[in-house]
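# Provide a 3D model corresponding to the input given below.
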Amino acid sequence: MSSIVVNSTDRELALCYESFGVGSGDWIILIRGLGTQLIEWSPQLIEGLVAAGLRVLVFDNRDAGLSDKIEADYRVEDMAADIAGLMDALHIMRAHIFGISLGGMIAQLFAYAYPERTMTLCSVMSSSGNPELPRAKPEVSAWLSIDADSREEYIRQDAESRVVFGSPGYPESEAERIEMSTRTYDRSFVPEGTARQMRAIMASMDRTQKLEAIQVPTLVIHGEEDAMLPLPHGEDTAQRIPGARFRALAGMGHNIPHSLAPQIVEMVTDFIAGLPTRS
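Below is the predicted model:
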């Protein structure tokens with residue numbers, strides 16, 4: 001795990017990153033969602049992508065994990081520019097861009113702003129920002145902000161929230177949930193950073209017109225049991241992007257647990273393999 005300084009649209013900042021895979025394979029950049037960290041990617045997802053011949057780059061978004069914390073508001077467009085800056089710093093010309101939730105929104109805006117650097121776009125459990133789409137139920141949205149008085153209480157509540165947002169068809173054990181909640185709290189607990197990321201989402205909410213201008217091969221994956229962003233969010237995203245392929249997954253919620261990762265790997269690698277060979 002390393003840190004590197006990148007140039008973005010609004011500032012210079014340091015991003016924490018880690019890479020996997022060797023050789024001359026194409027890069028795939030994985031982008032996390034709201035307030036989450038690079039350590040939350042399933043090893044099965046990363047290992048599966050590497051086994052398929054890809055080089056994998058993961059990183060902490062600004063205001064999350066061990067990347068810089070930003071004491072000012074910004075937009076999702078700035079977070080997309082962070083990726084371009086990271087690619088510049090690591091001498092990556094083009095990559096497959098894969099994002100979940102907020103990361104899917106970042107990926108969409110990256111593909112819109114940097115089509116020449118986007119080999120494919122994969123938007124997972126995300127949204128077009130269409131204001132007419134159904135919202136999460138209030139009891140689900142309430143879990144976005146955890147009010148806890150101690151480390152132990154936060155970890156308990158966060159572990160419970162992973163059931164609320166999780167995939168009913170691919171449940172995680174209580175031990176798995178507590179372990180990850182503990183690791184993320186101890187590595188970086190910055191609720192104010194998550195709040196700034198949420199304001200960035202609100203400032204860049206409706207992306208429908210930009211999605212309609214995207215001209216890169218696109219795969220949209222969405223869970224049929226997503227309680228945070230119901231299935232129509234994925235359907236609308238795919239309908240907006242010209243030529244996008246849509247895959248709905250039964251039993252999937254708003255996460256990619258270990259047991260679901262192999263299916264995601266298969267969908268992504270099959271999609272990439274089916275594209276015309278670049279000249």
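# measure Ile92 to Leu45 for me?
Shown here: Ile92 relative to Leu45, a distance of 20 Å by C-beta to C-beta, to the nearest Å. For every residue, glycine as well, the C-beta is placed using N, CA and C.
# Looking at the two, which is more packed in?
Between Ile92 and Leu45, counted using other C-beta atoms under 10 Å, the more crowded position is Leu45 (22 against 18).
# In three-state terms, label the more buried one for me.
helix (DSSP: H, G, I helix; E, B strand; the rest coil).
# Would you check that Asp73 makes contact with Arg199?
Yes. With the criterion set as C-beta atoms under 8 Å, Asp73 and Arg199 qualify as a contacting pair; they are 5.5 Å apart.
# what's the neighbour count on Glu139?
Under the neighbour criterion other C-beta under 10 Å, Glu139 is assigned a count of 9.
# same check, this time on Ala213
Applying other C-beta under 10 Å, we find 12 other residues in the vicinity of Ala213.
# wouldn't it be in contact with Tyr112 here?
Yes. The pair Ala213 and Tyr112 qualifies as a contact (C-beta under 8 Å) at a distance of 6.2 Å.
# what about Gln209, neighbour count?
When neighbours are counted by other C-beta under 10 Å, Gln209 registers 10.
# Which strands or helices does the helix or strand containing it pack on?
Using DSSP states H and E, Gln209 sits within helix 208-211. For helix 208-211, the packing partners by 3 or more C-beta pairs under 8 Å, 6 or more residues apart in numbering; DSSP states H and E come out as helix 102-113, helix 231-240.
# Kindly export the last one (C-alpha atoms) in CSV.
If I follow you right, that is helix 231-240. Coordinates of each C-alpha in helix 231-240 appear next as CSV, following Å, rounded to 0.1, in the frame of the first residue of the first chain:
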residue,chain,number,x,y,z
LEU,A,231,-33.4,-1.7,-9.2
PRO,A,232,-34.9,1.1,-11.4
HIS,A,233,-31.7,3.1,-10.7
GLY,A,234,-29.6,0.6,-12.6
GLU,A,235,-32.2,0.1,-15.3
ASP,A,236,-32.4,3.9,-15.9
THR,A,237,-28.6,4.2,-16.0
ALA,A,238,-28.3,1.5,-18.7
GLN,A,239,-31.2,3.0,-20.7
ARG,A,240,-29.4,6.4,-20.7
